[in-house]
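I'd like to go over a predicted model; first the sequence, then the structure.
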Amino acid sequence: MTSLRAEVVVASNRAAAGVYEDTTGPLIVDFLTDLGFAVADPVVVPDGEPVGVAIAEAASGGARVVLTTGGTGLTPTDRTPEVTRALLDLEVPGIAEAIRAYGVSKGVPTAMLSRGLAGVVGQCLVVNLPGSRGGVKDGLEVLRPVLVHAVEQVVGSDH
């Protein structure tokens, strides 16, 4: 399994500027490592177009999964879904729906405000996670039982 590469993209203007250290990216790296993916340190970029550039570079560079964190809310700088959608060959709406539903079911009504997407860019599965630690943890719990299978399905592996 370690032959499959993953990448983590953190969308945060303040973390990219060094105002504070991101704490969500390392959670995602640990999760992916536990699942057997080869993953480097998170790529921390400002919100907006730099997120799309990072996703595109990861996908074209051979990553089989890209998990993003941040930029999925309602503020004017939250542009992760828009830059992600522009890259997608196909959407996988059930993943994003399940992440939102899980958060709401755990008593976090603001989970329904996340606009995160999931889909495929070439042979790479891309999933937008919220920017909060709690939202990331919830999203990873949703992904745990399906992520490896989903990544294998993208290239047509048998069930």
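That came through fine. None of the values given here were measured: they were computed from a predicted structure.

before we move on, which element is Val151 in?
Using DSSP states H and E, Val151 maps to helix 147-154.

Could you list the low-confidence segments of the protein?
1-2, 158-159 (pLDDT under 70).

ok, which stretches of it are strands?
5-11, 38-39, 43-45, 65-69, 90-91, 118-121, 124-129 (DSSP state E).

Now do the helix holding Val151: distance to the chain's middle.
14 Å (C-alpha atoms, centre = their mean, to the nearest Å).

Save the strands of the chain as TSV, and put in mean neighbour count too.
Placement of C-beta: from N, CA and C, glycine included. Listed next are the strands of the chain as TSV, based on neighbours: other C-beta atoms under 10 Å:
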stretch	mean neighbour count
strand 5-11	27
strand 38-39	18
strand 43-45	22
strand 65-69	29
strand 90-91	12
strand 118-121	21
strand 124-129	27
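
right, so of those strands, which gets closest to Gly156?
Smallest distance to Gly156 across the strands of the chain (C-beta to C-beta): 11.8 Å, for strand 118-121.

Next, name the residue at the spatial heart of this protein.
Closest residue to the average C-alpha location of the chain: Leu67 at 2.4 Å, with C-alpha atoms, centre = their mean.

Next, the contact list for it, please.
Contact partners of Leu67, counting by C-beta atoms under 8 Å, 6 or more residues apart in numbering, are 6-9, 28, 32, 126-127, 129, 143.

Check Thr84 too.
51-52, 55, 68, 117, 119, 126, 128.

what residues does stretch 19-33 touch?
With contacts defined as C-beta under 8 Å, 6+ apart, stretch 19-33 is touched by 6, 8, 10, 12, 14-15, 39-42, 44, 65, 67, 69-70, 129, 131-133, 136-137, 140, 143-144.

relative to strand 124-129, how tilted is the helix holding Val151?
Between helix 147-154 and strand 124-129, the angle comes out at 140 degrees (axes from the mean of the first three to the mean of the last three C-alpha atoms, to 10 degrees).

Would you tell me which of the strands of the chain gets closest to Pro109?
Nearest to Pro109 among those is strand 124-129 (17.8 Å), distances taken as C-beta to C-beta.
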